[in-house]
Each structure stands twice: as C-alpha cells, then as structure tokens.
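Asker: dropping a prediction and its sequence here:
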Amino acid sequence: MPSNEHHKWLKKRDWLALQGAMVDPNQDVDLIGRKYKERDEDGRLPHHWMAAKAQTHTHALAYVGVQSICWNLQALTTRDKKGKTPLDIALRSGACAEIIGLLPHSRGS
C-alpha cells in the first residue's frame, strides 16, 4: 500500500513540512492531489492521520487541514480498514477543536 511523504509528515506531526510542500511554487498540483487520495497499509488517507495527530492547534496545522480537504473532499466520509472516518478518529484522539470543526461533513455518513 502507498505511504507517501505526506503520510509520514502527518504521522510525525510535521505541519511545517506539509505546509511547505503545499505552498511550494514549483509543486505538481496533480501529484499532491493524488497523494491525498492514497491509502496506507491501514487503509487510511492522510486525513485520517491528521485527525489522529492534531491535538494541539497551530496555524500551520490549520492551513494543512483546510488544504488537504481541498485536495480530497471525499476523504471526509472515507472509512479506513476499521470502519473509522477522520471525524471518528479526531473525536477519539482528542483532536483540537479546529480540526474537529473541519470534519463535520462526515457526521452524516
């Protein structure tokens, strides 16, 4: 299963590296879009990992959260191999209110 550098940065809470990749003027927009649709070995999208690791709010995290949703809006309702959406994970992990606020669309799934 794919596990790209965005998954790795999210797992490490490296919000600044993610933000840097997203604002890079030389970025390949199509490639970044594909990275936010890739699942890792647990069936998780980058959004699942963001929800799991986002306990403390920073401006970089908020930027990454908004941009990642723009890259893959369907991720809000995507379930991992355990049947969890990013919102399920955010609520269980104690994610900061700003991230939980970005994920309300998955409530109706």
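Answerer: Ah, there it is.

Asker: rest of the way, CA atoms for contacts and neighbours
Answerer: Noted.

Asker: which of the residues in the longest helix along the chain are buried?
Answerer: Counting by DSSP state H, the longest helix found in the chain is helix 59-71. For helix 59-71, a neighbour-count test (16 or more other CA atoms under 10 Å) marks 61-65, 68-69, 71 as buried.

Asker: just stretch 81-95 next, same as before
Answerer: By 16+ other CA under 10 Å, the buried positions in stretch 81-95 come out as 84-90, 95.

Asker: avg pLDDT for stretch 34-44?
Answerer: Averaging pLDDT along stretch 34-44 gives 91.

Asker: hang on, the earlier thing: can you tell me which of the buried residues of stretch 81-95 is closest to Met22?
Answerer: Checking the buried residues of stretch 81-95 against Met22 by CA to CA gives Pro86 as the nearest, at 20.3 Å.

Asker: tell me which residue of the protein is furthest from the middle?
Answerer: For the chain, the largest distance from the centre (CA atoms, centre = their mean) belongs to Asn26, which lies 21.5 Å off.

Asker: how much space separates the spatially most central residue of the chain from Gln27?
Answerer: In the chain, the centroid-proximal residue (CA atoms, centre = their mean) is His47; its distance is 2.3 Å. His47 sits 20 Å away from Gln27, taking CA to CA, to the nearest Å as the criterion.

Asker: next: Cys96.
Answerer: From Cys96 to Gln27 the distance is 28 Å (CA to CA).

Asker: what about those two, which has more around it?
Answerer: Counted by other CA atoms under 10 Å, Cys96 and Gln27 do not tie: Cys96 has more neighbours, with 17 against 12.

Asker: nearest spatial neighbour of that one, chain-adjacent residues omitted?
Answerer: Gln55 (4.7 Å; CA to CA, 6 or more residues apart in numbering).

Asker: pretty sure that neighbour contacts Leu91?
Answerer: No - counting by CA atoms under 8 Å, Gln55 does not reach Leu91; the two are 10.2 Å apart.

Asker: lovely, talk soon.
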